[in-house]
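Peer 1: structure for this input, please:
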Amino acid sequence: MTPKHWYTLIAFVVSLPLDLITKVMVDRHLTYADRIPVVEGFFYLTHVRNPGAAFGLFADGDPQIRLTIFIGVSIVAVFIILSFFRQLAPGDRLSALALGLILGGAVGNLTDRIFRGEVVDFLHFRLWRGYSWPDFNLADTFIVVGVGFLVLELLASEGEDRAATDPDEPAG
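Peer 2: Numbering: from 1, shown residues only. A predicted model of the protein is given here:
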């Protein structure tokens, strides 16, 4: 197995069970709409359900159509992630890690949609002036962190490409 396979597999095998286990724990230990302070005034564990997309978008649409579309989009996303994975160089560790995290998050939320018809969210942050970030879960976190890693990799490779094509350019 190449490094890209190991990094993707490890990220996927860690992220997916963590997401699924935390959602089961929320289901078992928190009543719907519970809010438990972890850091009073800033961070809470909650139990909410999101039938919509990110930030609750399309939550009011026809449930059957919405579910069909979200499952379809999730399946297409998984295939796109796998397509990107195939194109990685065998030693590309950071992008492989990123794709493993994104895949774990996507499959975690897809699992929720298939078996619950909605996604369990439980992380709640109050930011400034009473603004609360919409509740989310570990799958969402893994997806965002994975995309962040891909952006870092893209920026780093862009900088390397520029340095390689313009050796007379002063550094800094």
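Peer 1: from Arg116, how far out is the closest residue to Phe142 other than its chain neighbours?
Peer 2: Spatial nearest neighbour of Phe142, excluding adjacent residues (CB to CB, 6 or more residues apart in numbering): Gly105 at 3.7 Å. Placement of C-beta: from N, CA and C, glycine included. Per CB to CB, to the nearest Å, Gly105 is found 16 Å from Arg116.
Peer 1: what about the two, which has more around it?
Peer 2: Gly105 (28 against 13; other CB atoms under 10 Å).
Peer 1: list the contacts for that one?
Peer 2: Contacts for Gly105 (CB atoms under 8 Å, 6 or more residues apart in numbering) come out as 15, 19, 138-143, 146.
Peer 1: now the residues you listed as TSV including pLDDT and distance to Thr165?
Peer 2: As requested, the contacts of Gly105 are exported to TSV (pLDDT from 0 to 100; distance: CB to CB, whole Å):
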residue	pLDDT	distance to Thr165
Ser15	98	36
Asp19	98	41
Leu138	98	40
Ala139	97	39
Asp140	96	38
Thr141	98	36
Phe142	98	35
Ile143	97	33
Gly146	98	29
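Peer 1: now, which of those lie within strands?
Peer 2: Judged by DSSP state E, strands contain none of the contacts of Gly105.
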